[in-house]
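Chemist: Have a look at this prediction, sequence included:
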Amino acid sequence: MKKNKPVTGQSQAAGTDTLDRGNTNPKLDSLEQFRSDATGQALRTNQGVKVSDNQNTLKVGSRGPSLLEDFIMREKITHFDHERIPERIVHARGTGAHGYFQTYEAHSALTKAGFLQDPAKVTPVFVRFSTVQGPRGSGDTVRDVRGFAVKFFTEEGNFDLVGNNMPVFFIQDAIKFPDFVHAVKPEPHNEIPTGGSAHDTFWDFVSLVPESAHMVIWTMSDRAIPKSLRAMEGFGIHTFRLINAEGKSSFVKFHWKPKQGVCSLVWDEAQKLAGKDTDFHRRDLWESIEMGDYPEWELGVQIIPEEDEHKFEFDLLDPTKLLPEELVPVTVLGKMVLNRNPDNYFAETEQVAFCPGHIVPGIDFSNDPLLQGRLFSYTDTQISRLGGPNFHEIPINRPIAPNHSGQRDAQHRVTIDKGRASYEPNSIDGGWPKETPAAAQDGGFESYPERIEAHKVRERSPSFGDHFSQARLFFHSMSKPEQEHIIAAYSFELGKVEREHIRARQVNEILANIDLDLAARVAANLGLPAPKAGTVDTKSMTLKASPALSQLNLLSGDIKTRKVAILVADGVDAKAIDALKAALAAEGAHAKVLGPTSAPVKTADGKSLPVDASAEGLPSVAFDAVWVPGGKASVQALSGNGVALHFLLEAYKHLKAIGASTDAKPLLDKLHLDADAGLVIGDDDKTRKAFIAAIAKHRTWDREAKAKAIPA
Ligand code: HDE
């Protein structure tokens, strides 16, 4: 009988991952029992039977019909047929990483939560970043909110901080969430657009729901096109409570502050990346961790003493409002480092199940009506997404704290519970497991005994009634370039809206109430009549601008982990490359040499220089900056190379730092690119320093007006 397969019977070592990923974290060790390594193992069925032929179905003769009795083929195909699970209703596209959290000191005055007491304690975490609108396979760089969900595996149970990269939300009450999500998701008749909000149903809804005004202006800002997941702030959004051992409660707002600084893509770059590298953000996170450039955030809180609950010009329970950092600064509690990529996307990133209701003693909820609804939704959705109520037993979701309860059975139960009593109280199993009084050492969870006296009503608090003053604060806190980007984003998105009455309503009833100039600029771009001043009587906040909201104030100031392209061709001056590489490496940045093809080039002194990729394979949008080294022949070759010319023009258009050796000036002249604060020419240390300083500034904003004339 003829078989189309290699008859080795040996284990295949090829493809074995030998990377040391620093497996030092207790949660990961607890996952070890679930990992499966097939190295050196025979191929078997799920029932453990060794397979001798994985190439051919059992047939009646080599050309005959297949036999139903082929249990090996049937088991394999049946399993395959059920490989997918429903994707998340929202936040379907995500990427995850393992890491740890460490508190800087004991925060016992604020909370009794154990993981915030001892700086020596390392709490494992798993983080999942996501976009909201698009399906699992959609692009990373679309204009959207980003999810920022962190699972802390604390010794007292799991604490999930399920936040976003923006500090407010579209709606005030959970009952509006399905309406909002139906509006933002692709239109139901043709499932367009994938991943974005530039369509009629979204703008129809938000123009009819003024409480969305503040969040929508955030999504029209650069925050909705982050440069990387590492360069995002994170926010818990809702007000929470922290409670200390004496039972004293403080209101808090959670913040994640990235050590990498906060910065964004420019719109043209974001759109191109969505096609050229759909995986841009997940690739960046993955590669940074593999290279040992571990991303780091500080966890902080704005603390509001209980007695100050009503001190502000807005309601702390209203999730469409932020608490300006100028009014209450962020107190830093500790740091989170992401240092390990998952072994398996599905098992970990897809199956992780977050829930804002997962809290530990020392943390509690506020009455924010959006948060209250979320406490129900997340567990409910996991039941259909993960196939039943036992999703807490999936390895990535298991707490490191022991978990014994009377909960039993249901689909996919993994735990083999011993004993006979699955009820409490019992006298058969010695009464175990038993309650732990809240007052005991390491006591049981106790809700904050807030006193409430009120009527049972369906109504919105009048204190939630101002929808525009914080949107205005946000717009007025932006730098000039950031304001221009917001105007351009509204114009782009509304320009895609087919129904004119929706465009006009957003301009006249929403934007005009935020800022008349903003509304007038957008109206002009859409060809609508100039809007009249807004009619809603909104008091402005006393605070006129919040510098903490402008990303221009949030850069890291260094160039660590930034990526620089070096464009070369035959005849390049190798010494210039070495000098630049050394200067960049000293600052923690990474350089890649790009040739006309992936083949090595010849240097001016006749040596062979390997390249990292071709300029076509790694386009300028994959980099933060570009340098053209000297070597007249190399520069001449690049001058006749369309890909290299486009590379430089595009980097210029995207306001990136550009550096060139003196030899390369004719190339820049050919493209009419003049020196500016971000475009430096020279061969000495001073030029390299100026190049590095330009990268640290992230973009050359002064170039923006000129760059608009460059073809996209
Ligand atoms: Fe979510 N949200 N959400 N959300 N959300 C989900 O849970 C929901 C809201 C957020 O990486 C779902 O497991 C309701 C605010 C993140 O796995 C679902 C309401 C914030 C993630 C759900 C909100 C978020 C989700 C979909 C209004 C920022 C991804 C699948 C009451 C503070 C977590 C799932 C991950 C996911 C419901 C509003 C953040 C359907 C009902 C506000 C980061 O349960």
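Modeler: Alright, I've got the coordinates.
Chemist: Run a quick neighbour tally on the closest residue to Leu549 other than its chain neighbours.
Modeler: Excluding the flanking residues, the one nearest Leu549 by Cβ to Cβ, 6 or more residues apart in numbering is Ser477, at 4.3 Å. To be clear about C-beta, it is placed using only N, CA and C from the backbone, and glycine gets the same treatment. Using other Cβ atoms under 10 Å, Ser477 has 20 neighbouring residues.
Chemist: Can we start the residue count at 21 from this point?
Modeler: In the new count, where the first residue is 21, that last one comes out as Ser497.
Chemist: Report pLDDT for Ser497.
Modeler: Model confidence at Ser497, given as pLDDT, is 98.
Chemist: my read: it touches Pro567, true?
Modeler: Yes. Look at Ser497 against Pro567 with Cβ atoms under 8 Å: they come within range, at 6.6 Å.
Chemist: now the residue of the stretch 221-370 of the chain found nearest the ligand: how far from Asp242?
Modeler: The stretch 221-370 of the chain approaches the ligand most closely through Ile257 (3.9 Å), counting by Cβ to the nearest ligand atom. Using Cβ to Cβ, to the nearest Å, Ile257 is found at 19 Å from Asp242.
Chemist: got it, and Val621?
Modeler: Val621 is 37 Å from Asp242, by Cβ to Cβ.
Chemist: Which strand residues bridge the most centrally placed residue in the chain?
Modeler: The chain has Phe149 as the residue nearest its centroid, 3.5 Å off, counting by Cα atoms, centre = their mean. On the basis of DSSP bridges, Phe149 is bridged to Thr115, Phe168.
Chemist: what sits against it?
Modeler: Gly114, Thr115, Gly116, Arg166, Gly167, Phe168, Ala169, Leu249, Met252, His301, Leu305 (Cβ atoms under 8 Å, 6 or more residues apart in numbering).
Chemist: For the ligand, tell me which of those show up nearby.
Modeler: Contacts with the ligand within these, counted by Cβ under 6 Å from any ligand atom: Gly114, Gly167, Ala169.
Chemist: right, and out of the residues you listed, which lies closest to Pro419?
Modeler: Ranked by distance to Pro419 (Cβ to Cβ), those are led by Ala169 at 16.1 Å.
Chemist: Lys132 reaches Pro381, doesn't it?
Modeler: Yes. Counting by Cβ under 8 Å, Pro381 is a contact partner of Lys132 at 6.0 Å.
Chemist: Now do the shared contacts for those two.
Modeler: Common neighbours of Lys132 and Pro381, using Cβ under 8 Å, 6+ apart, are Ile263.
Chemist: tell me the contacts of the residue nearest to Leu569?
Modeler: Ser497 makes contact with Ala565, Ser566, Pro567, Leu569, Ser570, according to Cβ under 8 Å, 6+ apart.
Chemist: Report the buried members of the residues you listed.
Modeler: For those, a neighbour count by 16 or more other Cβ atoms under 10 Å gives the buried set as Ala565, Ser566, Leu569, Ser570.
Chemist: Columns distance to Trp452 on top of those, output as JSON lines?
Modeler: Shown next, in JSON lines, are the buried ones among the contacts of Ser497 (distance: Cβ to Cβ, whole Å):
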{"residue": "Ala565", "distance to Trp452": "59"}
{"residue": "Ser566", "distance to Trp452": "53"}
{"residue": "Leu569", "distance to Trp452": "53"}
{"residue": "Ser570", "distance to Trp452": "56"}
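Chemist: what does the stretch 321-470 of the chain put close to the ligand?
Modeler: Near the ligand, when you scan the stretch 321-470 of the chain using Cβ under 6 Å from any ligand atom, you find Pro339, Phe374, Leu390, Gly393, Arg394, Ser397, Tyr398, Thr401, Gln402.
Chemist: how about the fifth one, secondary structure?
Modeler: Meaning Arg394. Following DSSP: H, G, I helix; E, B strand; the rest coil, we place Arg394 in the helix state.
Chemist: Equivalent analysis for the last one, please.
Modeler: When the structure is split into helix, strand and coil by three-state DSSP, Gln402 lands in helix.
Chemist: Next, count neighbours for it.
Modeler: There are 23 residues near Gln402, going by other Cβ under 10 Å.
Chemist: residues touching it, list them.
Modeler: Taking Cβ under 8 Å, 6+ apart, one finds Ala373, Cys375, Phe411 in contact with Gln402.
Chemist: State the distance from the closest residue to the first one other than its chain neighbours to His424.
Modeler: Think Ala373. Of all residues not flanking Ala373 in the chain, Gln402 sits nearest, at 4.5 Å (Cβ to Cβ, 6+ apart). Distance from Gln402 to His424, counting by Cβ to Cβ: 21 Å.
Chemist: got the phi/psi numbers for the nearest residue to Ile701 once chain neighbours are set aside?
Modeler: The shortest distance from Ile701 to any non-neighbouring residue, by Cβ to Cβ, 6+ apart, is to Ala680 (5.0 Å). When read as degrees, to the nearest 10, the backbone of Ala680 gives phi -150, psi 140.
Chemist: Which of the contacts of Phe149 sits closest to Gln53?
Modeler: Gly116 (20.1 Å).
Chemist: residues touching the closest one, list them.
Modeler: Phe146, Val147, Arg148, Phe149, Pro362, Tyr365, Glu368, Thr369, Val372 are the contacts of Gly116 under Cβ under 8 Å, 6+ apart.
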